[in-house]
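Participant: Would you be able to build a 3D model of this:
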Amino acid sequence: MSVRVVPVVDAPWDDVRTVFGTRGDPARCWCQYFKVTAATWKAQDIAGFERGLCDQVDAARTSHGAGPGLLAYEGDDPVGWVAIEPRPAYPRILSSRMAEHSAEPADAEDVWFVSCFVVRVGHRRKGIAGALLAGAVEHARANGARVVEAFPVQALPGTSSADLYHGPLSAFEAAGFEVVARPAEARAVVRLALG
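Facilitator: Just a heads-up that it's a prediction; the model follows:
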């Protein structure tokens with residue numbers, strides 16, 4: 001079955017809830033970890049994180065903005081999510097050691113970042129992450145991105161699905177991203193110029 005990828009602003013909220021689920025890391029984070037301070041992260045409840053993502057989607061719909069990510073569908077079934085936005089939307093990423101490997105200015109609105117992937121159990125190992133990444137790159141390009149960056153994970157023996165939330169390095173390499181640094185054996189900093 002083919003995979004269709006759409007901006008979250010064009011999807012029903014119930015489909016987002018289906019992808020994030022009710023257990024595991026996605027249901028506890030709602031792609032808010034990189035957007036809030038450590039203190040906010042510790043103080044916030046899970047319902048607050050869902051409200052945070054919902055508010056970001058609603059704000060993008062109101063302003064006709066790009067939104068914080070995209071959903072993947074197999075037929076009518078929502079099966080995956082990718083978070084991608086201009087890099088300034090992610091203060092925790094900007095202050096991370098990994099960001100030190102970027103040659104781009106921290107406040108560059110035309111540098112977009114792929115921060116997270118979610119693929120529902122039962123739909124993994126079907127190429128959904130690759131389809132989400134391709135959709136994310138095109139979405140960023142259509143919304144003015146000059147560069148897309150990410151910190152994917154090298155899948156090594158013993159790497160769990162939960163460890164791959166930044167995306168598998170193999171998907172980024174297949175999409176033409178350049179590895180610009182390897183700060184750890186299982187981590188890479190990658191970049192794709194869109195011009």
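Participant: Only C-alpha atoms from now on, for both contacts and neighbour counts.
Facilitator: OK.
Participant: Could you identify the longest helix within this protein?
Facilitator: What stands out as the longest helix in the chain, according to DSSP state H, is helix 46-63.
Participant: just how off-centre is that helix within its chain?
Facilitator: Chain-centre distance of helix 46-63: 15 Å, with Cα atoms, centre = their mean, to the nearest Å.
Participant: And for stretch 123-138?
Facilitator: 11 Å.
Participant: buried residues in that stretch?
Facilitator: By neighbour count on 16 or more other Cα atoms under 10 Å, the buried set for stretch 123-138 is 128, 129, 130, 131, 132, 133, 134, 135, 136, 137.
Participant: Likewise for stretch 7-20?
Facilitator: 7, 8, 9, 15, 16, 17, 19, 20.
Participant: Could you work out the end-to-end span of that stretch for me?
Facilitator: Distance across stretch 7-20, first residue to last, is 15 Å (Cα to Cα, to the nearest Å).
Participant: picking that back up, counting by contacts, list what the longest helix of the chain packs against.
Facilitator: Contacts defined by 3 or more Cα pairs under 8 Å, 6 or more residues apart in numbering; DSSP states H and E place helix 46-63 against helix 24-29.
Participant: how deep is residue 6 tucked in, by neighbour count?
Facilitator: 17 (other Cα atoms under 10 Å).
Participant: Secondary structure class of it, three-state.
Facilitator: Assigned by DSSP: H, G, I helix; E, B strand; the rest coil, the conformation of residue 6 is strand.
Participant: For it, list each beta-bridge partner.
Facilitator: residue 71 (DSSP bridges).
Participant: ok, it - contacts?
Facilitator: Residues in contact with residue 6 (Cα atoms under 8 Å, 6 or more residues apart in numbering) are 70, 71, 72, 135.
Participant: State the pLDDT value of the closest residue to the first one other than its chain neighbours.
Facilitator: Spelled out, it's residue 70. In this structure, residue 70 finds its nearest non-sequential neighbour in residue 7, 4.2 Å apart by Cα to Cα, 6 or more residues apart in numbering. Per-residue pLDDT puts residue 7 at 97.
Participant: elements contacting the helix or strand harbouring residue 136?
Facilitator: Assigned by DSSP states H and E, residue 136 belongs to helix 128-142. Secondary-structure packing of helix 128-142 (3+ Cα pairs under 8 Å, 6+ apart): strand 3-7, strand 69-74, strand 77-86, strand 111-119, helix 169-174.
Participant: quick one: average confidence on the helix or strand following the first one?
Facilitator: When you say that, I think you mean strand 3-7. Remark: after strand 3-7, the chain's next helix or strand is helix 13-20, criterion DSSP H and E. Mean pLDDT, helix 13-20: 96.
Participant: Check which helices and strands helix 13-20 is in contact with.
Facilitator: strand 77-86, strand 111-119.
Participant: JSON lines for those, including mean neighbour count and distance to residue 181?
Facilitator: As requested, the helices and strands packed on helix 13-20 are exported to JSON lines (neighbours: other Cα atoms under 10 Å; distance: least, Cα to Cα, whole Å):
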{"stretch": "strand 77-86", "mean neighbour count": "25", "distance to residue 181": "20"}
{"stretch": "strand 111-119", "mean neighbour count": "25", "distance to residue 181": "16"}
